[in-house]
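*Asks:* Sequence and predicted structure are below.
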Amino acid sequence: MPKMIQNEVGSFHNFLSEGCKLCKLGAKMVLFVTGICGRNCFYCPISEDRKNDVVYANERYVTSDEDVIAEAYQMDALGTGITGGEPLLKLMRVLHYIRLLKSEFGAEHHIHLYTAIAPDRETLVALADAGLDEIRFHPPQEMWDSLKHTLFADSIKTAIELGMSAGIEIPSIEGAEGVLPFLDKAGGFLNLNELEFSDTNADAMRIRGFELVNDISNAVANSRACAEKLDAHSSKIHFCSSRYKDAVQLKKRLLRIANKTARVFDGITDDGTIVVGVIESGELDAVIGILHEMEVPDDMFEVRGGRIEIAWWILEDIAQDLKRVGRTLLIIERYPFEGGLVVETMPI
C-alpha cells in the first residue's frame, strides 16, 4: 500500500487524482454551472446567492462564453473543476463548457466534474466523448455502506471503462468508512473533505450536534479524526483539510491571477493579494496635475472607478503634499481581480 504523505496544513494522502494535483498548484478554475440541486444535504455550504440557476467562473459571474475563457486566461488555468448545485441537471450546458474549454486550451486542459447523480451509460458516454477526464461521485449518506447495490456502482464501473478517472468525494464524517470496501474493489479513489460550517449550513449542523474545532476555524471538530481512522485502509485516499483549501489552493490560485494581471504599480503579497494606494477626491484632474508636477510617472497610477489608484509606496512618500480637505488617502489590500474582496483598508 502506498505510503501516506502529510503536509503542514493538515491534509494527507496516499493517492492524488490528476484533478487534485492541479488544485494543489492553484491551477484549476472552478466552474459553477448551476445552483439547482435535487438533494438537500444538511452540510451543503453553497451561499444563498448561488442557489439559483446561475453560472460562475471562480468569482466571476458568467453571462457569456467569453467570460469563462477570460477567467481561465486570467489565472492561467491548467484545468477546470465543474461543480454546482447539481451539474448534470444541466447536462447540455456541461457538455458545452467541456467542449468550449477543450477547444480553446487543448486536450491537455484537465476537466473534472462533481455529481450527486448516478448517470446512466448514455450520459457517461456523452461526457467522455466531450472530453471529461475525471468524475467524482457524491452519493447520499444513507448509501455509503451499500454502494455495490446502487446505481453508483454501475456508474463508477462504466466511467472507468470509458477511460475516465473516477472516485467518491464526500465529507469526512462518521460512516465514510462504508465506501472503502467497494472503492478498493472498483479501483476508484476516495476524496474526504474536512467538514466546515458556513452561513447557510450552520443551523442544520448544530442541530445534529456538530461543533467547531476552535474559535478561529470553520472546520468541524472530529472531522479530521474520522479520516485518520481510514488512512490505513485504502490504497487511494486523500483527506483535504479546511486549512489546505485556504492556505494552499486559494493562495496559489490568487498568486497565479495576481502574477498574470497585476499592473506595474500593484504590490503582490505572499498570499496573492494586491496592495495599492488610493486617492479619493472630487477634483481628480487637480490631483493628477499635482502628480505630474511631482514627476510621478504615468504608468505608476491610473484613474479607475472614479478614483486614482497609485503605487502604495509612492503614495506614502507624497501623502503630506496631497492631504487637503475633501481628499481621502488610503492603502488597500484586495483580491487580485475586478471587484475583488477588500481584505484591509489603511487610511494615511
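*Replies:* Happy to help now that I have it.

*Asks:* what about Lys28, how many neighbours?
*Replies:* Residues within reach of Lys28, counting by other C-beta atoms under 10 Å, total 25. Quick note: C-beta positions are derived from backbone N, CA and C, even for glycine.

*Asks:* For it, give me its contacts.
*Replies:* 19, 22, 77-81, 110, 253 (C-beta atoms under 8 Å, 6 or more residues apart in numbering).

*Asks:* What is the nearest of those to Leu322?
*Replies:* For the contacts of Lys28, the minimum distance to Leu322 (C-beta to C-beta) is 35.0 Å, reached by Arg253.

*Asks:* quick one: pLDDT of that closest one?
*Replies:* pLDDT, Arg253: 90.

*Asks:* how about the nearest residue to it, chain neighbours excluded?
*Replies:* With C-beta to C-beta, 6 or more residues apart in numbering as the criterion, Arg253 has its nearest non-adjacent residue at 3.8 Å, and that residue is Gly26.

*Asks:* Would you mark the buried spots in stretch 23-30?
*Replies:* Within stretch 23-30, the residues that qualify as buried are 23-24, 26-30, counting by 16 or more other C-beta atoms under 10 Å.

*Asks:* Also stretch 184-196?
*Replies:* 186, 188-196.

*Asks:* Repeat that for stretch 238-252.
*Replies:* 238-245, 247-249, 251-252.

*Asks:* So what touches that stretch?
*Replies:* Contacts of stretch 238-252 (C-beta under 8 Å, 6+ apart): 7, 9-17, 20, 23-27, 172, 189-194, 196, 217-219, 224, 227-228, 231, 271-272.

*Asks:* Ok, stretch 136-143 next?
*Replies:* Counting by C-beta under 8 Å, 6+ apart, 17, 19, 39, 41, 112-116, 118, 147, 150, 152, 155-156, 166-170, 173, 175, 179, 191 sit against stretch 136-143.

*Asks:* Run through the protein and note the low-pLDDT ranges.
*Replies:* 1, 231-234 (pLDDT under 70).

*Asks:* the helices in it, which residues?
*Replies:* Listed in chain order, the helices found in the chain under DSSP state H are 18-24, 65-74, 91-105, 121-130, 151-161, 180-186, 202-207, 223-228, 242-244, 251-261, 284-293, 312-322.

*Asks:* between those helices, which one is nearest to Lys3?
*Replies:* Taking the helices of the chain one by one with C-beta to C-beta, helix 223-228 is closest: 15.2 Å.

*Asks:* Can you pull the domain assignment for this structure?
*Replies:* As assigned by automatic domain parsing, the chain contains the domains 5-258, 265-347.

*Asks:* Just say which of the ones you listed is most tucked in.
*Replies:* Among the domains of the chain, domain 5-258 has the highest mean neighbour count (mean count of other C-beta atoms under 10 Å), at a mean of 18.

*Asks:* and the two most separated of the contacts of Lys28?
*Replies:* Spatially, the most separated pair among the contacts of Lys28 is His110 and Arg253, at 15.0 Å (C-beta to C-beta).

*Asks:* Report the separation between the residue nearest to Arg253 and Gly272.
*Replies:* Counting by C-beta to C-beta, to the nearest Å, the separation of Gly26 from Gly272 is 8 Å.

*Asks:* Show me which of the buried residues of stretch 23-30 is closest to Arg263.
*Replies:* Gly26 (20.8 Å).

*Asks:* quick one: contacts for the residue lying farthest from the centre of the chain?
*Replies:* The centre of the chain is farthest from one residue, Glu293, which by C-alpha atoms, centre = their mean lies 44.7 Å away. Not one residue lies near Glu293 by C-beta under 8 Å, 6+ apart.
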